[in-house]
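Colleague: can't give you the sequence, but here's the structure:
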């Protein structure tokens, strides 16, 4: 896996400024723009998986909007356990308003529930950081929403290339930092940095998927 390539491939495209600027401006559209940007990122993933010689895509509003909506659904479903773990914390917090509750008992209950549920949220978040990129890779490789929920195959991808998906996690953390740098320039630079960050993520997802399929001999679908 070529980690550095995910950060440099954008600049190999002679039209990279135009492509990044267009997607950056599109991303300013409330809600819809964010879906298109995420779909564009997954288009990068698709091109890497297909070994396209020009991995930086142009704007394809309709298709990328649909891909972004699919990614939103996938992320939402994978986040359900986190929502479930938050519910007990919310319930316990609501009990705080009961004047008949013993403050000491309440404090102990809050500590126990927060510790247990908080720990579960942390552990699941770490797992999701590995499985979600694999789910996105499978989603675009097989071009069907159901592929993102083929949990046995997703787990197989991660097991086949745990080092690659660890690098994806590292890369996503770095790209998140890069994406926020644009706010320094009165927010104007975000148009470029957020789009560039999404391009990095898409490239890493595709690379990790390719390595996993090579290691396990998964059927590649173009």
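Modeller: Structure's in. What do you need? It should be emphasised that the depicted structure is a prediction, and the values quoted were computed from it without experimental measurement.
Colleague: now do the buried residues in the worst-scoring helix or strand of the chain on mean pLDDT.
Modeller: Counting by mean pLDDT, DSSP states H and E, the chain has its least confident helix or strand at helix 80-95, which shows a mean of 85. Buried residues in helix 80-95, counted by 16 or more other Cβ atoms under 10 Å: 85, 88-89, 92. All C-beta atoms are positioned from the backbone trio N, CA, C, and that covers glycine.
Colleague: buried ones in the helix or strand containing residue 46?
Modeller: Counting by DSSP states H and E, the element that carries residue 46 is helix 32-49. Using 16+ other Cβ under 10 Å as the burial criterion, the residues of helix 32-49 that qualify are 33-49.
Colleague: which elements pack onto it?
Modeller: If you count contacts as 3 or more Cβ pairs under 8 Å, 6 or more residues apart in numbering; DSSP states H and E, helix 32-49 packs onto helix 16-26, helix 61-78, helix 103-142, helix 190-216.
Colleague: these: which one's closest to residue 3?
Modeller: Nearest of these to residue 3, taken as Cβ to Cβ: helix 190-216 at 7.9 Å.
Colleague: the closest one - what's its average pLDDT?
Modeller: The pLDDT scores in helix 190-216 average 92.
Colleague: ok and it relative to helix 32-49, angle-wise?
Modeller: Using axes from the mean of the first three to the mean of the last three Cα atoms, to 10 degrees, the direction of helix 190-216 lies 40 degrees away from that of helix 32-49.
Colleague: quick check, distance from helix 190-216 to the centre of its chain.
Modeller: Chain-centre distance of helix 190-216: 10 Å, with Cα atoms, centre = their mean, to the nearest Å.
Colleague: next one: stretch 24-43
Modeller: Relative to its chain's centre, stretch 24-43 lies at 14 Å (Cα atoms, centre = their mean).
Colleague: same thing with stretch 67-83?
Modeller: On Cα atoms, centre = their mean, the centre of stretch 67-83 falls 10 Å from that of its chain.
Colleague: buried residues in that stretch?
Modeller: Buried residues in stretch 67-83, defined by neighbour count with 16+ other Cβ under 10 Å: 67-71, 74, 78.
Colleague: as TSV, the helices and strands packed on helix 32-49 with distance to residue 160 would be great.
Modeller: Below are the helices and strands packed on helix 32-49 laid out as TSV (distance: least, Cβ to Cβ, whole Å):
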stretch	distance to residue 160
helix 16-26	31
helix 61-78	19
helix 103-142	9
helix 190-216	4
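Colleague: of those, which is nearest residue 181?
Modeller: Residue 181 lies closest to helix 190-216 among the helices and strands packed on helix 32-49, at 5.2 Å (Cβ to Cβ).
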